[in-house]
Structure formats: C-alpha cells, structure tokens
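Participant: can't give you the sequence, but here's the structure:
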Ligand SMILES: [Zn+2]
C-alpha cells in the first residue's frame, strides 16, 4: 500500500501503467484490490502466503477476468530468500511484542 501510494505521488497519477511491483510475500486481498485499482501491469513476488494470499493461495484476484483489469504475475522469484527474510522479520516482531507485553505488565505491577 505504501509503495503504491509513493508511486502514485512520484508519477503524479493514480494509474500505475507500465509499472511492476516487486514484493517478498504474495499480496493479500486488500493489497490485491489496491493493485487492481491502481492498474499495475505486473507483480513479481517471492513466497506464497497460504494463510492470506489474495493472488494465488486463497483467491486469484489479480487474474480474475470479472474485474476490469488483470495483472501479470511472476511468482517464486528468490522464494527461499524471501521466505527466510519473512521468517526472520516475523520472529523479531513476535519477540518485540513479547518484550512490550512483559514491560507493560511489569509497569502495571509496580503501580499497585
Ligand atoms: Zn496486503
């Protein structure tokens, strides 16, 4: 969503014609909708998202011909590297959330 917004601003247009979006993870349903609405031509992604993928895994929004725009998809590019990068990211995120929860409960205990 951020990349689409920044590309809109850079091109000064809501249409991203002739643009390719590169992402590590398969776009979700929300992002797939934004990609369609922005008229992105092509999406390249690394790893599929079996729990929330809106492009191949759960839905195939980008190639649904009932919509007014279809997107060319290339998947599996650097899939192992993308998968590893995502695992590392989510592991660090879980660790940070755990630390924040512990910090919060410690502060709550100190207030009593
Ligand atoms: Zn998304």
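Facilitator: Arrived safely, thanks for sending. The structure displayed is predicted, hence computed values, not measured ones.
Participant: Residue 73: which element?
Facilitator: Taking DSSP states H and E as the criterion, residue 73 maps to strand 72-75.
Participant: can you give me the offset of that strand from its chain's centre?
Facilitator: Mean C-alpha position of strand 72-75 versus that of the full chain (CA atoms, centre = their mean, to the nearest Å) differs by 14 Å.
Participant: For that strand, which helices and strands make contact with it?
Facilitator: The elements that strand 72-75 packs onto, with contact taken as 3 or more CB pairs under 8 Å, 6 or more residues apart in numbering; DSSP states H and E, are strand 42-47. For glycine as for every other residue, the C-beta is placed from the backbone atoms N, C-alpha and C.
Participant: buried set for the strand it packs on?
Facilitator: Within strand 42-47, the residues that qualify as buried by neighbour count (16 or more other CB atoms under 10 Å) are 43, 45, 46, 47.
Participant: Keep only the residues you listed that also lie close to the ion.
Facilitator: Near the ion, judged by CB under 5 Å from the ion, there are no entries from these.
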